[in-house]
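Q: Everything below, folded, please.
(2 chains)
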Amino acid sequence: MKKFLFLLFFLSFLFLSSFNLSFNYNYSYFYFYKVNYFSSHDLVLDLENSNEVLKFFAQFDARIYQGDAKYEIPYPDIDFSIIGIMPKYLYLSNQYRFTQLYLSLYKNGFNLKIGKFPVKWSFSEVYSPVDIFYFSSPFDIISLKEFPSNILFSYSRNNFTSSLIYQDNNDFFSSKEGLFFEFLNEYYNSRIFLSRYSQIRKNLLSIDSIENYLFGISFLSEYFGPALYDELTILKSNDDFGLQMLLGWDYTFFEKLYLCHEFYMNFKAPNAPYSDINIINKYLNGDFLLGRYYMFLTSLLNLNDRLNFSLNSILNLDDLSLIAIFNISYIPINNLISSFSTVWTNGESKEEFYKIPTVFLFQIGTKF
Amino acid sequence: MLKRILFYVLIVSSIFMYAETLESIIDKVEKNLSVKNVVYRAKMKIEESDNTREMDLLLYIKDEKNVYVEVLTSTDGNRSRFLKKDNSMWLYLPSAGRSVLIKGHMLKEGFMGSSFSYEDISERRKLKDIYDISLVNDEKYYILEMKAKVNDAPYKFKKSYIMKDVYLPYKEEIYSSSNRLLKEFYIEEYEKIKDIYFPKKVVMKDLLQKKNITTIEYADISIKDKISENYFTKSYLER
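A: Have a look, this model is predicted:
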């Protein structure tokens, strides 16, 4: 399969004679409050060639770290290294990889897309359980974002789009399949999702294989002015059923301030206060959220063309712990972008967002 | 008595002639500005106080409800694509690999960072459905004064200077509700294709910014009998 994909990309590379290239360079300086600091050089290259039928797109990311490039597993109340399930620190090494690489064929409303690319099903700006094919935490300012390998087949006619997706995650037990329908109308946008995916769920004592079936519907309307949306998902994990819901709205005030406010409910999740086992399982399985009720906030203030501020946060409504990211972005001269970001948490021991070292990130970059 | 009758007939007929003239001017202007089934390329130059960006665009316009725009090349690496389907507008960002719905409250934002707002390019109602229009006599131009009559009109007041020979606005002045001049729009060049006068070079100046001028030059204009629906789908946008 991989050889075939490589051959396909190589041949298309030969056929497509001229490319559009763009470069993005960023210097980043990370500081973990009272823990460590390091820096990185990041070069992102976008390469594209397309016509009405065929499209090739590649995004290559080379990141070189300098200094003590490590970060602490963010739950210092439990030393995972003592119980032998996770190291205390994760060490970052230089990375050179294609983060996107795909070939797309389009004819008469049919589109076949093969390769590494993101798939987003939900309306949410922060998190939604329907985004099973790709999800990236908005609070993760360290990891390089690499998209998974998919085969996507979609068909559109007028306002209706349907797509079928298969995601290959190396072995059968982590492959994912999904079916997606979208309908646009003058007053609303509605979507229906159906997917199957297997998961290996770890806990301290055992490893379980879980077969998940997800059914979801979502609906967005601007009839009343602000965009109002909701998503409802039913997840069947082996023989258990769980219901999850997302309600949100967004609006731009005075053409400068964008606000998006979302409530997320997972009725199957544990109640606060959380046990150590709950916390450990969250980190072992890489779950994004642990509890039942959350409030998400996404905000952006465009003071002018050169200066903007953003604040994004998640508040756990059960234990009132919080994680937030604040960013200032400034363009001092042409093609030079500078930004300062900080991620911090507020919570007590046993709460979901227990106090972790505050992370500061300064970036300066250019695009050409 | 006869003189009085003649006077009334003259008054009434001049009112009718005047109304017909205003209607016909608007119809001819709208005919030139809302061309259907057209494919063309455009070079868009965005000049700001200390920054200039250029991009080459490919546009497919079936009608007011079906518009597709693709950035072919740009000096800042922007390769985004835009789809207008009925009332929905989507912007596809290849580097992020996702399309973003342009919601109603985002319509005042600049289209691809230009002085044209999404609202400027998305408005598809007839002028007379959203504005009370009056004609001001002038030797050189038909001056149309357009005052918003619906709450969701893109602008509160607009003044359009229509060239008498080709029925295209030479200039449009866009005002706020407090009568402040917000934007100026010019058609600097045009070309007659079939029986339509097609703008070839347009300029939009955003007067609220220190310097924000967008110039669009159209090329390879091709008016087709029909454009396939397939260009105006999310699958084509996200391909």
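Q: quick one: the helices in the stretch 251-368 of chain A?
A: Along the stretch 251-368 of chain A, the stretches classed as helices by DSSP state H, counting those that start in this stretch are A:276-285.
Q: hey, what's whichever residue of it sits closest to chain B bridged with?
A: The minimum distance from the stretch 251-368 of chain A to chain B, using CB to the nearest CB, falls at A:Thr252 (4.2 Å). C-beta: built from backbone N, CA, C; applies to glycine. On the basis of DSSP bridges, A:Thr252 is bridged to A:Tyr258.
Q: which ones are touching it?
A: By CB atoms under 8 Å, 6 or more residues apart in numbering or on different chains, the residues touching A:Thr252 are A:258-259, B:103, B:105-106, B:108-109.
Q: Can you pull out the low-pLDDT segments for the chain?
A: You didn't say which chain, so I picked chain A. Applying pLDDT under 70 to chain A flags the ranges A:1-18, A:73-86, A:170-173.
Q: wrong one, I was asking about chain B
A: Looking along chain B with the criterion set at pLDDT under 70, you get B:1-20, B:105, B:122, B:124.
Q: Near chain A, which residues of it? Just list them.
A: Taking CB under 8 Å from any CB of the partner chain as the contact definition, chain B meets chain A at B:48, B:50-51, B:72-73, B:75-77, B:79, B:85-88, B:94-98, B:101, B:103-106, B:108-109, B:209, B:229-230, B:233-236, B:238-239.
Q: Show me which of these are buried.
A: B:48, B:51, B:73, B:75-77, B:79, B:85, B:88, B:94-95, B:97-98, B:101, B:103-106, B:229-230, B:233-236, B:238-239 (16 or more other CB atoms under 10 Å in any protein chain shown).
Q: quick one: which of those residues sit in strands?
A: If you go by DSSP state E, these have B:48, B:51, B:73, B:85, B:88, B:98, B:101 in strands.
Q: need those residues in TSV with distance to A:Leu92, can you?
A: What follows is those, written out as TSV (distance: CB to CB, whole Å):
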residue	distance to A:Leu92
B:Glu48	38
B:Asn51	34
B:Thr73	35
B:Lys85	43
B:Ser88	41
B:Arg98	26
B:Leu101	35
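Q: Next up, the contacts around A:Glu262.
A: A:124-126, A:246-248, A:295-298.
Q: sorry, back to before: closest to A:Phe340 among the ones in strands among the buried ones among the residues of chain B next to chain A?
A: Nearest to A:Phe340 among these: B:Asn51, at 21.6 Å, using CB to CB.
Q: Touching, that closest one and A:Ile337? I think so.
A: No: using CB atoms under 8 Å as the test, B:Asn51 is too far from A:Ile337 to be in contact (12.0 Å).
Q: any idea how far A:Tyr293 is from A:Leu320?
A: Distance of A:Leu320 to A:Tyr293, computed by CB to CB, to the nearest Å: 11 Å.
Q: between these two, which one's more packed in?
A: Set A:Leu320 next to A:Tyr293 and count neighbours by other CB atoms under 10 Å in any protein chain shown: A:Tyr293 wins out with 17 against 14.
Q: That one reaches A:Phe267, doesn't it?
A: No: contact criterion CB under 8 Å: A:Tyr293 and A:Phe267 do not qualify, at 9.3 Å.
Q: which residues touch residue 191?
A: Assuming you mean chain A. A:121, A:180-183, A:216-219.
Q: wrong chain, I was asking about chain B
A: B:197-198, B:200, B:221.
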